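S.K.: next comes the sequence, and after it the predicted model I'd like to discuss.
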Amino acid sequence: MTAIYLEMSRDENHGGGSWAFTNCVWAPTEKQGGGRWPFWSKVLQIKEGDVVIHLRGITPKANFVGYAIATKDGFETSTRPPNPGKWDYCSSFYRADLTGYTPFHNAINLVNLFESRGVELNAYLDTNKKRGTSKRNVFFVRQSGGLQCLNGAYLSDVDDDLLLALLGGGEEITGPESKRAVVSVETGVQIASVRSRVGQARFSSEIKNLYGHSCCFPGCSISDDRFLIGSHIARWSDNEKLRGKMGNGLCLCLIHDKAFETGMFTLDQYYCVFANPKEMKPDSEISMELKANHGKQIRLSAVKPLEDALLDHWIRVGVEP
Ligand SMILES: [Zn+2]
């Protein structure tokens, strides 16, 4: 299951080179003088496909600025960042590599958020306190009545409840509490993209499992995970009802995914390849291959593609096989 983490970083450079902001998250393995710190060792919990939201800068100018995706699991290394700064004393570091940094359309100011979502965030702290040993490592604390960042909470947990408390559903569009409304709408819209990214990553990996990590196109032997996509038949954004359903997925290699996505072929009701005559080009090798496999059934998994999903694809690409 895809997890979400929050990186809270004050310095702009944070390590430099390939260690700098958006390339990875990293932390020293030990405090100066010894001892572990849970907000550092958490880097090791990051798994490939997890989402890291970035909170940058110093209060009152600390902002949620965007998010990125982990490309592999967190690890410990004796390789050093070019500019370890005040962590220079340490001989090893935790690191998790990131890709696909996506800035939020508008940065979300933390102080505004603490004010506008105070009720929800306080309630979250109360609930978290009762969790006992399964308590999350949260980036903020209650201090003299107000909320503020926990010093040193470099990498913290963001579960679904916290995400909701932080960013809401974006439903409060009008009303006299205009500040609250503005924050909520902005953040609601922006976080929808994070949620969608998390959901899609999870879906993609489940579909690959379902199809045994190989392309289901007839005769295609691609089984290298780096060249496979667990893709949607009906688009994630187009069809809420089919979202996340296993019958709405196909495991295809990059070529066949592209051919399916662009409507060069679809599947008929018997799950056979239907080469779309409108998209066939005489000088295209892909077209030739699709035509050669016209009428052949894909390699089915335990869950067959849903008719509704196929119908959606036919409509989108404009064919009726
Ligand atoms: Zn393929």
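M.R.: Perfect, I can see it now.
S.K.: from here on, contacts and neighbour counts on C-alpha atoms
M.R.: Noted.
S.K.: could you give the bridge partners of the closest residue to residue 136 other than its chain neighbours?
M.R.: For residue 136, ignoring the flanking residues on the chain, the nearest one in space by C-alpha to C-alpha, 6 or more residues apart in numbering is residue 157 at 6.0 Å. In this structure, residue 157 has beta-bridge partners residue 5, where bridges are defined by DSSP bridges.
S.K.: got the contact list for the residue of the stretch 151-300 of the chain found nearest the ion?
M.R.: Proximity to the ion, evaluated over the stretch 151-300 of the chain using C-alpha to the ion, is greatest for residue 253 at 4.2 Å. Each residue near residue 253 by C-alpha atoms under 8 Å, 6 or more residues apart in numbering is listed here: 214, 215, 222, 223, 227, 228, 229.
S.K.: what does residue 34 give?
M.R.: The contact partners of residue 34, by C-alpha under 8 Å, 6+ apart, come to none.
S.K.: remind me which helix or strand it belongs to.
M.R.: Element membership of residue 34 [criterion: DSSP states H and E] is none; it lies in no helix or strand.
S.K.: angles on the backbone of it, please.
M.R.: Backbone torsions of residue 34, given as degrees, to the nearest 10, read phi 100, psi 160.
S.K.: so how far is the ion from it?
M.R.: Between residue 34 and the ion the computed distance is 51 Å (C-alpha to the ion, to the nearest Å).
S.K.: tell me how far that residue lies from residue 89.
M.R.: For residue 34, the distance to residue 89 equals 11 Å [C-alpha to C-alpha, to the nearest Å].
S.K.: so who does the closest residue to residue 267 other than its chain neighbours touch?
M.R.: Distance criterion C-alpha to C-alpha, 6+ apart; nearest residue to residue 267, sequence neighbours excluded, is residue 273 at 4.8 Å. Applying C-alpha under 8 Å, 6+ apart, we find residue 273 in contact with 265, 266, 267, 290, 293, 294, 295, 296, 297, 298.
S.K.: now with 7 Å, please.
M.R.: If you count contacts by C-alpha atoms under 7 Å, 6 or more residues apart in numbering, residue 273 has them with 265, 266, 267, 293, 294, 295, 296, 297, 298.
S.K.: count of neighbours near the second one?
M.R.: Counted with other C-alpha atoms under 10 Å, the burial measure for residue 266 works out to 26 neighbours.
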